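Undergrad: could you work out the structure for the sequence below:
(one chain, ligands or ions: 1)
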Amino acid sequence: MGDDLLAILKTRAIVIKTQEFKENDKLVWLFTEDFGKITAIAKGARKSKSRYISSTLPCCYGEFVLFKGKNLHTINEVTIIDSFQQLLRNLDTITYASYFNELIDITLENDEIHKELFKDLVTAFYFIKNDVMDIEILARAFEIRILKATGYELNFNKCVRCRKKITISNYIDLISYGPICSECEKLNSIYISNPTYNTLKFLNNFGMDRINRIIVSKTSKLELYKILSLIISQNYTRKPKSLEMFDYLDKF
Ligand SMILES: [Zn+2]
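TA: Purely as a prediction, here's the structure:
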């Protein structure tokens, strides 16, 4: 019991969400490299002279030292690696950075370790910061990573119905998340054009470091968005809301 009170966690982490707590404190949801998603309290973080002011802002990436608690940990020290506050430079970058954080928040269980996904989130934030690639495609790639990490991996080698090897398809099955060949029943599937199919397959098969030079047409972007948001809304109890604003803007 005594040991439990003294346990210290040290890990790199990104702040995905915060909330005011009590008089002066802040609750901070962290996606950590070594312990997955955890919640911590930053005591006195809302006082004007707090040393946690900049290190507990959403998107901040740092080395965190925490006192382990049963459910709630306590932040003891933070060394900022990159505050990523440039991610908040315009409406697009704010919205997408918030969306990435929201995806982590709604799709992962607490204390589930996802080291690869952590690396992917850090990479995605550096890509946004340095304006390396199309932010929409980056979001689709990250959605694919999330699906993979949480057990809904897309699989492109075989028809999901008859198991025949295929290289192209115009239908993605919405139960098994794979292609359906031309001869099989298309029930419960969504249409996909050939270029979009190839893009989806590429984003699925290659790591974040390989996707930054891909060029995707407007039509394919829309198709990818529809397919992936459908799969995401089917699988998690909470639906992401960050991108809804774009749907709203698109109507004008
Ligand atoms: Zn088939």
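Undergrad: going by C-alpha atoms from here, please, whenever you check contacts or count neighbours.
TA: Noted.
Undergrad: packing partners of the strand ranked longest in the chain?
TA: If you go by DSSP state E, the chain has its longest strand at strand 8-21. Counting contacts by 3 or more C-alpha pairs under 8 Å, 6 or more residues apart in numbering; DSSP states H and E, strand 8-21 packs against strand 25-32, strand 61-67, helix 91-107.
Undergrad: direction included, what does it pair up with?
TA: strand 25-32 (antiparallel), strand 61-67 (antiparallel) (DSSP bridges).
Undergrad: any idea how far Asn110 is from Phe67?
TA: Going from Phe67 to Asn110 by C-alpha to C-alpha, to the nearest Å gives 17 Å.
Undergrad: ok, the two, which is more surrounded?
TA: For Phe67 and Asn110, the more surrounded residue by other C-alpha atoms under 10 Å is Phe67, and the numbers stand at 19 against 16.
Undergrad: doesn't Ala7 make contact with the more buried one?
TA: Yes: the pair Phe67 and Ala7 passes the contact test of C-alpha atoms under 8 Å, sitting 6.0 Å apart.
Undergrad: any shared contact partners between these two?
TA: With C-alpha atoms under 8 Å, 6 or more residues apart in numbering applied, the contact sets of Phe67 and Ala7 do not overlap.
Undergrad: burial count for Phe118?
TA: 21.
Undergrad: which parts of the chain sit against the ion?
TA: 159, 161-162, 181, 184 (C-alpha under 5 Å from the ion).
Undergrad: of these, select the buried ones using a ChimeraX command.
TA: The buried residues among the residues of the chain next to the ion can be selected in ChimeraX (16 or more other C-alpha atoms under 10 Å) with this line:
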select :159,161,181
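Undergrad: mind checking which of the residues of the chain next to the ion land in strands?
TA: Per DSSP E, the residues of the chain next to the ion never map to strands.
Undergrad: adding pLDDT, write the residues of the chain next to the ion out as CSV.
TA: Listed next are those as CSV, based on pLDDT from 0 to 100:
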residue, pLDDT
Cys159, 97
Arg161, 95
Cys162, 97
Cys181, 96
Cys184, 97
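Undergrad: and the gap between Tyr191 and the ion?
TA: Tyr191 is 15 Å from the ion, where distance means C-alpha to the ion, to the nearest Å.
Undergrad: surely that residue and Asn170 touch.
TA: Yes: the pair Tyr191 / Asn170 is scored as a contact, 5.6 Å apart, by C-alpha under 8 Å.
Undergrad: looking at those two, which has the bigger crowd around it?
TA: Remark: of Tyr191 and Asn170, Asn170 carries more neighbours, 18 against 15, as counted by other C-alpha under 10 Å.
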